[in-house]
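**Student:** Turn this into a structure:
(one chain, ligands or ions: 1)
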Amino acid sequence: MTSAGRFAPSPSGELHVGNLRTAILAWLFARSSGRRFLMRVEDLDRARAGAEAEQLRDLAAIGVTWDGGVVRQTDRQPLYAEAIGRLTAAGLTYECFCTRREIQEAPSAPHAPQGAYPGTCRGLSAAELELKRAARPAAVRLRASVAEGTVRDVLHGSYTGMVDDFVLRRNDGVTAYNLAVVVDDAAQGIDQVVRGDDLLPSTPRQAYLASLLNMPVPEYAHVPLVLNADGARLAKRDGAVTLADLARAGVPVDAVRDALLASLALPEGALEQALAVFDPAALPREPWVWPGVRHGTGRRGTGRRGA
Ligand code: GLU
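**Tutor:** Residues are numbered from 1 along each chain as shown. Predicted coordinates:
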């Protein structure tokens, strides 16, 4: 299998300029390193009807192309079940009956980092298990034997973060993101993961899980997010932030793409031109503040020289 990068949007709504900027970067990282570029729709949770088609249309409109068909996580349940089955057979999972509230209120285990699962269900006896099973369905957790892990990231260098007994399958039967992403990346031959740096803290867990499953750990590049004027992560409520909103405000798609490229200190125009000069080492390391559009004028404050 030849090596590949990917973009893996969750079809919960339209992509905003921050998502599109990350997609452009993932495409540039993959193409500039001779990798294939794959598109995977992460629709296990919170999928909204119609969102996938809108997202793929918007990605194509800014010039992001992908190889082969679109892969959907909902078509891949047997792969996830197989991986959880393997871990379970090796004694590396356990059933957990805790509610979110019980987890919040539980005293944390000694020396456990904040936010780590406190281990409440780790050592249930057969009798306790039986009682709990009768009361509510179980989630499946990983039985981790480390408390932290270190990954290498192209932009962040060495990063150490928490690994706890994280959920592999929720108690409503839905496969957890951390399991699905590891299984899919390996099954698709993805050896380069480029995504927003909000996911960097999850990465040590994913790399640890990959190693337990004897799957290769990909190269990671966690790219800075786009922020709103208040310094918070850009969201739909921040005004005209999707291609459709921006088109209505008089900003054509090519102007949006150019603004995103300019924010990356890359030449404007077709993505192929940016590809010709793309150098990961020269990327801005700071988040970018979306300058917004001055409504009604069709003019934008994109931060471009001369705009
Ligand atoms: N589906 C995730 C998201 O849209 C991305 C997961 C990933 O790239 O690993 O935030």
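**Student:** Could you measure from the residue of the stretch 101-250 of the chain found nearest the ligand over to D153?
**Tutor:** In the stretch 101-250 of the chain, the residue found nearest to the ligand is R195; the distance is 3.6 Å by C-beta to the nearest ligand atom. C-beta coordinates here come from the backbone N, C-alpha and C atoms, glycine included. R195 is 11 Å from D153, where distance means C-beta to C-beta, to the nearest Å.
**Student:** Repeat that for P118.
**Tutor:** 29 Å.
**Student:** Could I get the buried residue list for the helix or strand encompassing P204?
**Tutor:** Using DSSP states H and E, P204 maps to helix 203-212. Buried residues in helix 203-212, defined by neighbour count with 16 or more other C-beta atoms under 10 Å: 203-210, 212.
**Student:** who does it touch, helix- and strand-wise?
**Tutor:** Helices and strands touching helix 203-212, by 3 or more C-beta pairs under 8 Å, 6 or more residues apart in numbering; DSSP states H and E, are strand 148-153, strand 157-162, helix 177-187.
**Student:** Any chance of CSV for the ones you listed, columns mean pLDDT, mean neighbour count and distance to the ligand?
**Tutor:** As requested, the helices and strands packed on helix 203-212 are exported to CSV (pLDDT from 0 to 100; neighbours: other C-beta atoms under 10 Å; distance: least, C-beta to the nearest ligand atom, whole Å):
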stretch, mean pLDDT, mean neighbour count, distance to the ligand
strand 148-153, 98, 16, 13
strand 157-162, 98, 13, 15
helix 177-187, 98, 21, 5
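**Student:** Quick check, R36 in contact with T2.
**Tutor:** Yes - if you go by C-beta atoms under 8 Å, R36 and T2 touch, sitting 5.8 Å apart.
**Student:** What ranges does the protein have for its strands?
**Tutor:** Ranges of strands within the chain are 4-7, 36-41, 71-72, 93-96, 139-142, 148-153, 157-162, 167-169, 192-196, 219-223, 226-227, 288-289, 293-294, 299-300, based on DSSP state E.
**Student:** Name the stretch among those that sits most buried.
**Tutor:** Ranked by mean neighbour count, the strands of the chain are led by strand 4-7 with a mean of 24 (mean count of other C-beta atoms under 10 Å).
**Student:** by contact count, what packs against it?
**Tutor:** Helices and strands touching strand 4-7, by 3+ C-beta pairs under 8 Å, 6+ apart, are helix 17-32, strand 36-41, strand 192-196.
**Student:** Run through this structure and note the low-pLDDT ranges.
**Tutor:** Applying pLDDT under 70 to the chain flags residues 1, 294-307.
**Student:** try 80 this time
**Tutor:** Along the chain, segments meeting pLDDT under 80 span 1, 108-113, 294-307.
**Student:** Would you indicate which residues of stretch 123-137 are buried?
**Tutor:** Buried residues in stretch 123-137, counted by 16+ other C-beta under 10 Å: 124, 132.
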